[in-house]
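Visitor: Fold the following for me, if possible:
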Amino acid sequence: MVQTPGSRPILATGGVVLKGSEVLLIQRGREPFKGQWSIPGGKVEHGERLEDAVRREVMEETGVTCEVLGLIGVFEAMPRREGEPHFVMADYACRWVSGEPLAADDAMDAAFMPLAEALAHVAWDETRRAVQGALRFAKEAG
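Guide: Now for the predicted structure:
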């Protein structure tokens, strides 16, 4: 893959927001992966802390307020074709605090889903791993 001059990986965050035994998902309204279900998240702004970015992105995309429990892991979405971005995503386990999901920003839909349904809806294996990773934080947090 040829890298264009000045191109760099894009730093983003994602939040696996748990409400009891349900997971918050959004249906992407833009490329990449338009129409597919995923966790809420997006690009980190210059000077923004990662945990602040994940809380902001969850609020912007769904109207839900969350508490960050901890870092699940760092995942990459590598470009598959020339010109596609390379994303580096820090995914966090979060707990629902308030609000009901309402699709906003670049989400077509947003909903809490039971765990099995959420895992069946997400298109990317890395996202499934992140969702499963969040369950460990939820158990530890009680």
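Visitor: How about residues contacting the helix ranked longest in the chain?
Guide: Counting residues, the longest helix found in the chain (DSSP state H) is helix 125-141. Helix 125-141 has contacts (Cβ atoms under 8 Å, 6 or more residues apart in numbering) with 14, 16, 18, 23, 38-39, 69-70, 72-73, 75, 77, 91, 93-95, 115, 118-119, 122. All C-beta spots, glycine's among them, are computed from the backbone N, C-alpha and C.
Visitor: let's go with 10 Å and repeat that
Guide: 14-18, 20-21, 23, 25, 33, 36-39, 41, 67-73, 75-77, 89, 91-95, 115, 118-122, 124 (Cβ atoms under 10 Å, 6 or more residues apart in numbering).
Visitor: so how far is it off the chain centroid?
Guide: Helix 125-141 sits 12 Å away from the centroid of its parent chain (Cα atoms, centre = their mean, to the nearest Å).
Visitor: What residues of it count as buried?
Guide: Of the residues in helix 125-141, those buried under the neighbour-count criterion (16 or more other Cβ atoms under 10 Å) are 126-127, 130-131, 133-135, 137-138.
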